[in-house]
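Novice: Here is a sequence together with a model predicted from it:
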Amino acid sequence: MHDSRTAAQSNRRPAAVAGSWYPASRAGLERTVDGYLDAARANADAAAPPFPRALIAPHAGLMYSGPVAAHAYRLVGNGPYEAVVLVGPSHFVAFDGVAIWPRGAWATPLGDVPVAEELAAAIARPGAGVQEFPAAHAREHSLEMQMPFVARLLPGVPIVPLLMGHQTRATAERLGDLLAGALAARHVLIVASSDLSHYNDARTAAALDGVVIRHVEAFDPEGLMTSLEREPAHACGGGPMVAVLRAARALGARRTRVLRYADSGDVSGDKDAVVGYLAAAAW
């Protein structure tokens with residue numbers, strides 16, 4: 001028998017990396033996130049206005065990527081958003097198209113965050129390449145690592161979690177166009193979750209990541225996709241970045257700003273094999 005309680009439990013996505021990638025206690029997570037936000041505000045880009053349409057934020061362990069992500073998320077606190085659409089890459093499960101978590105809630109140490117079910121239904125239209133695929137979300141950290149900031153800064157605001165499988169141009173551009181249509185006339189924040197190059201020395205990483213940064217600064221998702229295809233650029237969430245920038249532009253955003261770039265060696269001290277992290281926004 002499948003009662004309503006069983007259905008509700010099956011639609012609740014448990015946190016997969018709490019206690020390892022970020023603190024599992026409410027107090028510990030609040031203290032950590034608030035510390036990163038305070039540091040970002042103290043070193044803020046004064047030219048970046050609040051309440052952007054879209055963000056790019058990294059998704060490594062919070063001690064590594066949190067200080068960078070805070071430069072993006074500091075702009076959204078108490079913002080006029082009715083929902084947050086999260087777009088990230090699938091690291092563990094290969095598939096075509098996009099996997100949506102369409103209902104229920106995501107568990108976090110700061111409380112459950114509900115899914116914006118009506119908006120999710122508008123995005124997951126038949127034939128749009130967006131499908132229910134819970135297994136793709138089970139172990140995935142790319143969206144979960146956005147949740148500490150979303151839950152802390154936008155309490156009660158629901159989410160639509162989207163994971164991109166094979167990051168083809170067709171998938172990225174189709175998702176961007178789909179989001180633009182579904183989000184028109186809605187106050188929704190769109191977040192692309194991505195790290196940049198992996199395990200190069202810091203000088204090589206900065207050169208590779210500079211290619212991505214230049215396309216983001218130019219608000220050029222098509223050029224970014226071309227660079228990703230030809231591999232002078234590296235980003236595990238490159239397809240999500242292309243989709244989100246394309247959607248933001250179609251929704252009226254006219255400019256972007258890179259807010260912070262750093263690498264894992266800034267925390268670990270190891271500059272011989274780093275991961276690059278980017279925070280950016282579009283208005």
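Specialist: Received the coordinates, thanks.

Novice: In the stretch 1-150 of the chain, where is pLDDT below threshold?
Specialist: 1-9 (pLDDT under 70).

Novice: Tell me which stretches of it form strands.
Specialist: Secondary structure of the stretch 1-150 of the chain (DSSP state E, counting those that start in this stretch): strands at 12-13, 54-57, 83-89, 98-100, 105-106, 113-114, 130-132.

Novice: Dump the ones you listed to CSV, plus mean neighbour count and distance to P155.
Specialist: Where you see a C-beta, it was placed from the backbone N, CA and C, and this is true even at glycine. As requested, those are exported to CSV (neighbours: other CB atoms under 10 Å; distance: least, CB to CB, whole Å):
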stretch, mean neighbour count, distance to P155
strand 12-13, 18, 18
strand 54-57, 28, 18
strand 83-89, 25, 12
strand 98-100, 24, 23
strand 105-106, 20, 13
strand 113-114, 18, 9
strand 130-132, 18, 27
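
Novice: can you pull the contacts of the nearest residue to R125 once chain neighbours are set aside?
Specialist: Leaving aside its chain neighbours, R125 sits nearest to L178 (7.5 Å; criterion: CB to CB, 6 or more residues apart in numbering). By CB atoms under 8 Å, 6 or more residues apart in numbering, the contact list for L178 reads 123, 125, 128-130.

Novice: again with R169
Specialist: By CB under 8 Å, 6+ apart, the residues touching R169 are 225, 229, 242.

Novice: As TSV, the residues you listed with pLDDT, distance to A135 and neighbour count would be great.
Specialist: Converted to TSV, the contacts of R169 look like this (pLDDT from 0 to 100; distance: CB to CB, whole Å; neighbours: other CB atoms under 10 Å):
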residue	pLDDT	distance to A135	neighbour count
M225	98	27	24
E229	96	28	13
V242	98	25	31
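
Novice: out of the residues you listed, who's nearest A57?
Specialist: V242 (15.4 Å; CB to CB).

Novice: Can you mark which positions in the helix or strand harbouring the closest one are buried?
Specialist: According to DSSP states H and E, V242 maps onto helix 238-250. For helix 238-250, burial by neighbour count (16 or more other CB atoms under 10 Å) applies to 238-249.

Novice: which residues are contacting the helix or strand immediately after it in the chain?
Specialist: From helix 238-250 onward toward the C-terminus, using DSSP H and E, the following helix or strand is strand 256-263. For strand 256-263, the external contacting residues (CB under 8 Å, 6+ apart) are 40, 45, 47-48, 67-68, 71-72, 75, 202, 205-206, 209, 213, 216-219, 245, 271, 274-283.

Novice: Drop anything exposed from those.
Specialist: Counted by 16+ other CB under 10 Å, the contacts of strand 256-263 give 40, 45, 48, 67-68, 71-72, 75, 202, 205-206, 209, 213, 216, 219, 245, 274-283 as buried.

Novice: out of everything not next to it in sequence, what's closest to V244?
Specialist: A192 (3.8 Å).

Novice: I'd assumed that neighbour was in a strand, is it?
Specialist: Yes: counting by DSSP: H, G, I helix; E, B strand; the rest coil, A192 falls inside a strand.

Novice: quick one: contacts for the nearest residue to R254 once chain neighbours are set aside?
Specialist: Spatial nearest neighbour of R254, chain neighbours left out: W283 (7.0 Å); criterion: CB to CB, 6+ apart. Contacts for W283 (CB under 8 Å, 6+ apart) come out as 49, 52-53, 253-257.

Novice: confidence score at W283?
Specialist: pLDDT, the model's per-residue confidence, is 98 for W283.

Novice: ok, now how distant is it from A185?
Specialist: Separation of W283 from A185 (CB to CB, to the nearest Å): 17 Å.

Novice: thinking V242 is in contact with P221, fair?
Specialist: Yes: the criterion here is CB atoms under 8 Å, and V242 meets it with P221 at 4.5 Å.

Novice: Which residues are in contact with each of these two?
Specialist: Common contacts of V242 and P221, defined by CB under 8 Å, 6+ apart, comprise 172, 176.

Novice: Y36 and A70, how far apart?
Specialist: Y36 is 4 Å from A70, where distance means CB to CB.

Novice: Looking at these two, which one has more neighbours?
Specialist: The neighbour comparison of Y36 against A70 (other CB atoms under 10 Å) goes to A70, with 26 against 22.

Novice: The residue nearest to R125: what secondary structure?
Specialist: At L178, secondary structure determined by three-state DSSP is helix.

Novice: Many thanks, we can stop here.
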